[in-house]
Structure formats: C-alpha cells, structure tokens
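Student: What shape does this take:
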Amino acid sequence: MKSLLFKTEAELGAMHWAPDGQDSGRWQQVLRAAFIILLIAGIAWLEFVSGPDVHLFVFYLMPILLVTNGFGQIAGILMSILCVACNIAVAWFADSGFAVPDVLTAAARLLMSLLVVVAWGRLQAMGRALAELSLTDPLTGLQNRRACVLRGDAELARMRRSGECLSLMYIDLDNFKSVNDSHGHKGGDRVLRATADALREFLRRSDLAVRIGGDEFAVILPATGRVGGRRLGEEVSRCLRLLYIKEGVAVTASVGVATYYTAPESFEEVLHFSDQLMYQIKRNGKDGVLQQDVGHPMNSSE
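Tutor: From the prediction side, this is the model:
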C-alpha cells in the first residue's frame, strides 16, 4: 500500500472506495515491478563502469523505498538483501576479489538499508493512522462527512461508467435537544452512539453510514433505486423509533432519501438535496420518510 502521507483526499477516496479498480491496480503493480528491476540493473551497470573508487550504493535506496512503499516492509527487507547482493557481485567482478573490509562495508550497507525500511514502514503506519483519524467520527466510530464525500464521489464515478442508480439517506434526530436538556450531554452522546450501532447492524455491507455532524447522519446506498431506498428509509425509521423507546428518550427520526439516476457534478449536491428532503419532513410534523427521484429513472420498476 502506498504511503498515505503523500496522498490528497481525492486519492485517499479512490484508494478506499474506487470501484472496479482491481485490474488497474494489478497492472500498476506489474509496471512498478518492471521499473524497479530496470532501476536496479541501471544502478548496477553504473557501479560497474564507474569503478571501485565511486560509491553509488546510496542510489539503491530508491528501489528499496519503492518496494517498501508499494509491497510492504517484508518485501523491502528482501529488496535490501538483493541490492546488497548486487553491490557485492558488481564489486567482485570489477575488482576480481572481495576482501574483509568489503565484507564489513557490505554488512554496514545492509544494516543501513534495513533501518531505512523499518523507519519508512513506521512512517507509513503513522500515515495510515492519521488518515483513519481524519475520516472517522471520534464519538460514534462511524466515518465522518469528509469520508462521506470521498466515498460519494467514487460512487458517482461508478454511476457514470455503469449507469447504475444511487440513493442517499439523510437522517436527522427529532427533538434531540431535549435529550441533552433532560439527560445531559452524556445521555445525548449515549443516544448518538446507540444510533450509530443500530445503523451498523441494520445496513447492508455495501452501504456506508456516516455521522455528518451533531445529530445528523447519512447513509450511501449504492445501486439502490426508489423502491429499495424508500423501503430502507422506512425500516431505518422504524428501527430507530424502537431504539429510542428502549433508551427512554422522546426522540424520533426524519429520513430523506434522494435517488439519483444521473450523476451530478459533485456529491455535495446529493448531500444538499437529501438534506432539503429531510427538512421538508420536519416542516410537515417530523418522524417520517420522504423519498424523491432526481433525473429520469432507467427502469420504472426500480
């Protein structure tokens, strides 16, 4: 996996959620491996023609880091051993021999390479941890608005390629302020966490539930038309209503479901439209589900 420290948010979204990207990923790995082999051969040739007085081992760090970055720490360790072996082989053929000082030099170079691999692996781990933190809501453990937009843009890209529809469910908790007023913020946090847990257990594996902020949640429903979106919205509303009765709080949920049959320019438009549907429910008395199509349905039976 590539280091996350040097990726934009769009690249992170593509890495986590890019649909149909397995084939392109395999081709990228093949091309990367071919480039690394050519790079090692080029460095070895430069070592051979430049002679023993010019030390070029530092350039082997490039393929070592490329392998570590692309294939993992174990692969980086194996590449370090291979690069040191290449360096020894070139020195052997260039000098027609290999003395004790050369053995010590080779050992030092191997140690340096291994330290670089370990340090780079830890840097990658830190990058992954920071990336996960930037995409996760700390209270509920759901992913956050930023993750929602990244996944959403990836789903819109899939819509443009495949022609599939996409639904977004926007959920706002009715009268949530009363929970904080009567049970305190700890009680409100407990309800939010319970809501997140219910969404995790209820939704399909292909769906993504996120906490937008405050008492607002959203669920991305890939390849889901009007009937499926409406049905899921009603089931989520009923599930949450039972949950809040069990929790002993006077809370319900307003659920807006927007079903897109043609992809808009950005996922922010989808979020905004679904948010407006949810507010229509609130203006009409709260605790309900409103589904609306956007674009022309591909199949009237969906």
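
Student: For the rest of this, base every contact and every neighbour count on C-alpha atoms.
Tutor: Noted.

Student: Name the spans of the chain whose pLDDT lies under the cut-off.
Tutor: The chain contains residues with pLDDT under 70 at 1-25, 52, 95-100, 296-302.

Student: List the neighbours of the helix or strand in which residue 282 is found that are in contact with it.
Tutor: Under the assignment given by DSSP states H and E, the secondary-structure element containing residue 282 is helix 267-283. When contacts are taken as Cα atoms under 8 Å, 6 or more residues apart in numbering, the neighbours of helix 267-283 outside the stretch itself are 149, 152-153, 156, 168-172, 174, 254-258, 264, 287-292.

Student: In strands, which of those residues fall?
Tutor: Secondary structure from DSSP state E places 168-172, 174, 254-258, 289-292 of those in strands.

Student: Mind giving me the ChimeraX command for buried ones among those residues?
Tutor: To isolate the buried members of these in ChimeraX, using 16 or more other Cα atoms under 10 Å:
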select :168,169,170,171,172,174,254,255,256,257,258,289,290,291,292
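
Student: longest single helix anywhere in this structure?
Tutor: Secondary structure assigned by DSSP state H gives helix 100-134 as the longest helix of the chain.

Student: which of the residues in it are buried?
Tutor: Applying 16+ other Cα under 10 Å to helix 100-134 flags 106, 109-110, 113-114, 116-118, 120-121, 124, 127-128, 131 as buried.

Student: now stretch 208-217
Tutor: For stretch 208-217, by 16+ other Cα under 10 Å, it's 208-212, 215-217.

Student: Among the residues you listed, which one sits closest to residue 244?
Tutor: Sorting these by distance to residue 244 puts residue 215 at the head of the list, at 13.5 Å, by Cα to Cα.

Student: so who does that closest one touch?
Tutor: 172-173, 176, 192.

Student: cool, residue 36 as well?
Tutor: Residue 36 makes contact with 63, 66-67 under the criterion Cα under 8 Å, 6+ apart.

Student: what would those residues look like in a markdown table with neighbour count and distance to residue 278?
Tutor: Below are these laid out as a markdown table (neighbours: other Cα atoms under 10 Å; distance: Cα to Cα, whole Å):
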| residue | neighbour count | distance to residue 278 |
| --- | --- | --- |
| 63 | 23 | 53 |
| 66 | 18 | 48 |
| 67 | 25 | 49 |
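
Student: Would you format these as CSV with distance to residue 92 and secondary structure included?
Tutor: Putting those into CSV (distance: Cα to Cα, whole Å; DSSP: H, G, I helix; E, B strand; the rest coil) gives the following:
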residue, distance to residue 92, secondary structure
63, 22, helix
66, 26, helix
67, 26, helix
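
Student: Dump those to CSV, plus distance to residue 245.
Tutor: Formatted as CSV, the contacts of residue 36 follow (distance: Cα to Cα, whole Å):
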residue, distance to residue 245
63, 60
66, 55
67, 55
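
Student: my read is residue 47 is in a helix, agree?
Tutor: Yes. The assignment for residue 47 (DSSP: H, G, I helix; E, B strand; the rest coil) places it in a helix.

Student: how much space between it and residue 59?
Tutor: Per Cα to Cα, to the nearest Å, residue 47 is found 10 Å from residue 59.

Student: got it, and residue 229?
Tutor: For residue 229, the distance to residue 59 (Cα to Cα) stands at 56 Å.

Student: related to what we said a few turns ago, give me the more crowded residue out of residue 47 and residue 59.
Tutor: Taking residue 47 and residue 59 together and counting by other Cα atoms under 10 Å, residue 47 has the greater number of neighbours (21 against 14).

Student: Apart from its chain neighbours, what residue comes closest to that one?
Tutor: Taking Cα to Cα, 6 or more residues apart in numbering, and ignoring the residues beside it in sequence, residue 47 has residue 56 as its nearest neighbour in space, at 6.3 Å.

Student: can you count the residues close to the one you found?
Tutor: Here the number of neighbours of residue 56 (other Cα under 10 Å) works out to 16.

Student: what does residue 53 give?
Tutor: Here the number of neighbours of residue 53 (other Cα under 10 Å) works out to 7.

Student: got it, and residue 284?
Tutor: By the other Cα under 10 Å criterion, the neighbourhood of residue 284 contains 9 residues.

Student: what's the longest helix of the chain packed up against?
Tutor: Under the contact definition 3 or more Cα pairs under 8 Å, 6 or more residues apart in numbering; DSSP states H and E, helix 100-134 sits against helix 61-71, helix 73-95.

Student: just those helices: most buried one?
Tutor: helix 61-71 (a mean of 20; mean count of other Cα atoms under 10 Å).

Student: CA atoms only for that one - export them in PDB, please.
Tutor: This file holds the C-alpha atoms of helix 61-71, laid out as PDB (Å, rounded to 0.1, in the frame of the first residue of the first chain):
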ATOM      1  CA  LEU A  61      17.800   3.200  -1.600                       C
ATOM      2  CA  MET A  62      15.400   4.300  -4.400                       C
ATOM      3  CA  PRO A  63      14.300   0.800  -5.400                       C
ATOM      4  CA  ILE A  64      14.300  -0.300  -1.700                       C
ATOM      5  CA  LEU A  65      11.900   2.500  -0.800                       C
ATOM      6  CA  LEU A  66       9.800   2.000  -3.900                       C
ATOM      7  CA  VAL A  67       9.400  -1.700  -3.000                       C
ATOM      8  CA  THR A  68       8.700  -0.900   0.700                       C
ATOM      9  CA  ASN A  69       6.100   1.700  -0.300                       C
ATOM     10  CA  GLY A  70       4.400  -0.400  -2.800                       C
ATOM     11  CA  PHE A  71       4.600  -4.000  -1.500                       C
END
